[in-house]
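> predicted model and sequence below, questions to follow.
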Amino acid sequence: MKPVKKEAYHHGDLRSALVALAMERVRKGGAENFSLREAARDAGVTSGAAYKHFADKDELLAAVAAEALNLLAHRTQKATTGLKGKERLHAAAMAYIDFASAEPRLFRLAFSRFGSDSRAETDGIPGSFDQLRIAVAGVQSDPGKPTDPDTLALAWAVAHGVASLISDGMWKKNDPRVAAALRLSFKGIAPGK
């Protein structure tokens with residue numbers, strides 16, 4: 001009797017499997033603590049198979065960063081649905097902050113040289129920055145006008161700054177300075193509202 005030849009494992013979507021494995025590695029140890037070859041090994045394929053989908057580790061990290069931004073966009077959409085005005089702005093900022101608290105390593109990767117939140121809508125959901133822009137527009141004195149770029153810059157700087165302080169371990173999510181930073185910035189963003 002001839003021995004049965006063991007077939008190599010075949011992924012239906014190796015690219016997605018590699019992104020998912022890399023995302024877990026980033027969550028556990030950060031972006032710098034793995035290689036594309038390790039991701040291939042974890043997927044049960046040769047490194048050559050992985051290199052057919054990604055030229056190098058940087059390209060894989062860019063795909064993970066895009067997926068992290070997609071997660072943030074979905075969380076922001078869920079947090080802001082049905083809200084208007086200052087409540088929507090607060091929910092958009094808190095979704096950003098909550099993501100940084102829950103996923104600090106993914107947050108750092110998403111807003112590193114690998115990420116870009118200038119993405120188009122995915123599954124009908126705008127990127128988190130565009131959702132913040134919509135929230136800021138909703139608290140302007142004339143919501144029909146284009147979003148004031150200075151006001152948007154202030155909102156993003158505060159949300160991102162607080163989120164970065166949390167993801168870097170400088171503040172905790174429940175730190176009273178979080179609420180103070182949002183409250184004081186909202187006074188400048190939406191005075192009298």
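Yep, that arrived. Bear in mind that the values here come from a model prediction, so they are computed numbers and not experimental data.
> the residue nearest the centre of the chain sits in which helix or strand?
Residue closest to the average C-alpha location in the chain (C-alpha atoms, centre = their mean): Leu69, at 2.9 Å. Assigned by DSSP states H and E, Leu69 belongs to helix 57-80.
> now do that helix: distance to the chain's middle.
Taking C-alpha atoms, centre = their mean, to the nearest Å, one finds the center of helix 57-80 at 4 Å from the center of the full chain.
> contacts for it, please.
Identification of contacts with helix 57-80 by C-beta atoms under 8 Å, 6 or more residues apart in numbering yields 15, 18-19, 22-23, 26, 31, 34-36, 39, 54, 88, 91-92, 94-96, 98-99, 103, 106-107, 109-110, 112, 114-117, 119, 122, 125-128, 131-132, 135. C-beta: built from backbone N, CA, C; applies to glycine.
> what do you get for stretch 167-178?
With C-beta under 8 Å, 6+ apart, stretch 167-178 has contacts from 97-98, 100-101, 104-105, 107-108, 162, 165-166.
> now do stretch 106-122
Contacts for stretch 106-122 (C-beta under 8 Å, 6+ apart): 23, 26-27, 30-31, 58, 61-62, 64-66, 68-73, 99-100, 127-129, 160, 163-164, 167-168.
> picking up where we left off before, pLDDT value on the residue nearest to the centre of the chain, please?
You'll see Leu69 listed with a pLDDT of 93.
> what distance do you get for it to Ala43?
Counting by C-beta to C-beta, to the nearest Å, the gap from Leu69 to Ala43 is 23 Å.
> same deal with Gln77?
According to C-beta to C-beta, Gln77 and Ala43 sit 30 Å apart.
> again, but for Arg27
For Arg27 relative to Ala43 (C-beta to C-beta), the value is 17 Å.
> which one's more surrounded, those two?
Neighbour tally, Arg27 and Ala43, criterion other C-beta atoms under 10 Å: the higher count belongs to Ala43, 18 against 15.
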